[in-house]
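Asks: return a 3D structure for these sequence lines:
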Amino acid sequence: MCVRSQIRSFALHLEEGVFTSVMIQIYASAILSLMDDLRKLEDQAKTWHVSNPSNEEVNKQAGPLLIAAVENCSWLQLRSAWKQLHTITNRVKTGKCDNAEFSRLIAELRTRIREDLDDRIFFSVTDPDKIDRFFKPDKNHEGCLMPKRADEIFDAVILERFGDCEDDLVEASKCYITATYTACVFHLMRVVEHGLMEVATLAGITDPKASWGAVLSKVDLYAFRTKHDELPTAIQPHQELLRDLSAEMHSIQYAWRNRVSHIDNKLIPTKPIDRGVAAEIMTTVQAFMRSLAERLPK
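Replies: Numbering: from 1, shown residues only. Next up is the predicted model:
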C-alpha cells in the first residue's frame, strides 16, 4: 500500500518550514514522545498492508507525526534530520515508496534526530516559583506552558502608560528566568529611566539628562523640606505624590545598595547581582512604575 495520500499534508507543511535563530521553548517530554511515536510509526508501517482498525489508526497518524517532526527540526535547526524529511517527502511524491521503504526512512529520521541533538545544549527551568511567576498554561497545547506577556507579569497599567518599556520588561523577565541577574537589573534600570524623566518634569527639573541622585534630591526637597505655600505653584497639588514617590525611590536606591551607578547619564549595574537582590529590585521597580502610571499627571 502506498503512503502518499496519508502524508500529503506533511509534504506541504515541510515546504513552508524555515530555520530560525531565536530563543525557543522546548519540552523534553514532547521530544521524547515524538521519538517514541516515530518508532511506533516505523514498526507499524511494515504491516499497513494488513487490514485491521489499529493499523488504519496508525496510518492516519503518519501525517500529524511528521508535521510535528518538521516543526521540531525547524525550531531546533536539526539540519541533517531536516534533509531526511525532504528525502521522505520526495520519495513519497514519486508514488513508488512502499511501506517497507517508508519504515526504513523513518528509522533513518530517528537516527538523524538523535545525532543532531548531540550538538544541542538545553537549559531546564525547574524552579516552581519562576514557573508560576513567568509562565501560564498554553491553551493550544494541553499540558504545556507558555511565557506570560509583560502586562501579565507586571501591572498592566505600567504598559498602558509606559509602552516603550515593554521590551525591557520582557528581557528583564528572561534574564531572571535564566539566572542572569545582573542583566535583569540592567533592563529594570532602563525601565526606571522611563519613569525618572517624568518625575524630573513633575519636580520642575528641566535638565533632560538629570541623574537619579539629582532627581531624588529635588523630590525630597519639595516633599519634606519645603512648606506647601512655598512650593512652586505647579508643584503644590503634587506634594503628597512626591512624598510617596520619594519613599519608593529610596526603596529602589536601598535595593540596589551601591551596585548601580550612573555611567553616561544611564543607570548601570556595576557589581554582580544575585537572585535575592534582583528579586527585590524587580518588586520595588514594579511598585515605583505602578505609582507613576496611576498617579502622575499626563
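
Asks: if we ignore the residues flanking it in sequence, what's nearest Ala234?
Replies: In space, Ala234 comes closest to Gly204 once its chain neighbours are excluded; the distance is 7.0 Å by Cβ to Cβ, 6 or more residues apart in numbering. In this view, the C-beta of every residue, glycine as well, is placed from N, C-alpha and C.

Asks: pretty sure the one you found is in contact with Gln236, am I right?
Replies: No. Between Gly204 and Gln236 there is no contact, the gap being 11.4 Å when judged by Cβ atoms under 8 Å.

Asks: dump stretch 88-99 to PDB, restricted to CA.
Replies: The C-alpha coordinates for stretch 88-99 follow below in PDB (Å, rounded to 0.1, in the frame of the first residue of the first chain):
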ATOM      1  CA  ILE A  88      11.000  11.300   2.700                       C
ATOM      2  CA  THR A  89       8.600  13.700   1.100                       C
ATOM      3  CA  ASN A  90      10.400  13.400  -2.300                       C
ATOM      4  CA  ARG A  91      10.200   9.700  -2.200                       C
ATOM      5  CA  VAL A  92       6.500   9.800  -1.300                       C
ATOM      6  CA  LYS A  93       5.800  12.200  -4.200                       C
ATOM      7  CA  THR A  94       7.100   9.600  -6.700                       C
ATOM      8  CA  GLY A  95       4.300   7.300  -5.700                       C
ATOM      9  CA  LYS A  96       6.800   4.400  -5.500                       C
ATOM     10  CA  CYS A  97       7.500   4.500  -1.800                       C
ATOM     11  CA  ASP A  98       6.200   1.200  -0.400                       C
ATOM     12  CA  ASN A  99       5.600   0.500   3.300                       C
END
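
Asks: how far off centre is it?
Replies: Going by Cα atoms, centre = their mean, to the nearest Å, the spacing between the C-alpha centre of stretch 88-99 and its chain's C-alpha centre is 39 Å.

Asks: can you give me the buried ones in it?
Replies: Buried positions in stretch 88-99, judged by neighbour count with 16 or more other Cβ atoms under 10 Å: 88-89, 91-92, 97, 99.

Asks: can you redo these as TSV with secondary structure, pLDDT and distance to Glu142?
Replies: What follows is those, written out as TSV (DSSP: H, G, I helix; E, B strand; the rest coil; pLDDT from 0 to 100; distance: Cβ to Cβ, whole Å):
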residue	secondary structure	pLDDT	distance to Glu142
Ile88	helix	87	28
Thr89	helix	84	28
Arg91	helix	85	33
Val92	helix	78	30
Cys97	coil	79	33
Asn99	helix	82	31
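
Asks: done for today, thanks.
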